[in-house]
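S.K.: got a predicted structure plus its sequence, pasted below:
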Amino acid sequence: MNILVVEDEVQLADSLAEILKRNKYNVDAVFDGEDGLDYARTGIYDCIILDIMLPVRDGIEIVRILRSEHNSTPIMLLTAKSEVEDKIHGLDCGADDYLSKPFSTGELLARIRTLTRRKGEVEVDYLHFEDLRLNRQSYCLTHGENSIKLSLKEYQIMEILISNSEHIIPKERFIEKIWGYESDVEYNNIEVYISFLRKKLTAIESDIRIRTARGIGYFLEKKP
Ligand code: CA
């Protein structure tokens, strides 16, 4: 498993690399934002440990650029105490996790294990629920021979429904996950997309329907 460390405090970068190598990771360490971005863009890493305050380009900018280029490598930000605002901004821009300095070796390794495991899950091509299959690359929803393409928002809603098929999912959850915490999106936006999805489920003749839990949210159910 390959890990990229981007950290301008050379001593910290070296000791991180040392710890990771001892735990059987392959590690590259670079010391400024420009190298960090170049290395990260190769796409060979399973995880990137990224300091926020860096020479040339800061960590937040690197996250933003990588995500805009559809690079989905898990990123853990390293933050000093004074950088709380940056940390929040970093997560908003698409970083997966953060660790405040100073941190323990045990915590670092545990977080990396979680991040790299999550990446494995994201690589699964399909999500399944009963007779439904959702392609995570093409956004096609399939039932038997019938297939229909979902828009991005429809896909995101269906992904949440299938991934949490045991539960009623509150409308706020959809809004937080798809539009973000601070969005002004109204509940009726969700309702509109749900109605599109229901039409598409009918179009592919699926036995699955999206049920409304009145006043709460939605869940998937097989038609009786
Ligand atoms: Ca720094």
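M.R.: Good, I have the coordinates. Residues are numbered from 1 along each chain as shown.
S.K.: count the neighbours of the nearest residue to residue 12 once chain neighbours are set aside for me.
M.R.: The shortest distance from residue 12 to any non-neighbouring residue, by CB to CB, 6 or more residues apart in numbering, is to residue 101 (7.8 Å). Every residue, glycine included, has its C-beta placed from N, CA and C. When counting by other CB atoms under 10 Å, one arrives at 13 neighbours for residue 101.
S.K.: same thing with residue 23?
M.R.: Quick note: residue 23 (other CB under 10 Å) scores 15 neighbours.
S.K.: which residues touch it?
M.R.: Residue 23 sits next to residue 109 when contact means CB atoms under 8 Å, 6 or more residues apart in numbering.
S.K.: buried residues in the helix or strand hosting residue 162?
M.R.: Here residue 162 is covered by helix 152-163, with elements defined by DSSP states H and E. By 16 or more other CB atoms under 10 Å, the buried positions in helix 152-163 come out as 153, 154, 155, 156, 157, 158, 159, 160, 161, 162.
S.K.: and stretch 172-185, by the same measure?
M.R.: Of the residues in stretch 172-185, those buried under the neighbour-count criterion (16+ other CB under 10 Å) are 173, 174, 175, 178.
S.K.: how close does the closest residue to residue 137 other than its chain neighbours get to the ion?
M.R.: The spatial neighbour of residue 137 that comes closest, neighbours along the chain excluded (CB to CB, 6+ apart), is residue 125 at 6.5 Å. The spacing between residue 125 and the ion, counted by CB to the ion, to the nearest Å, is 38 Å.
S.K.: give me the neighbour count for residue 125.
M.R.: 10.
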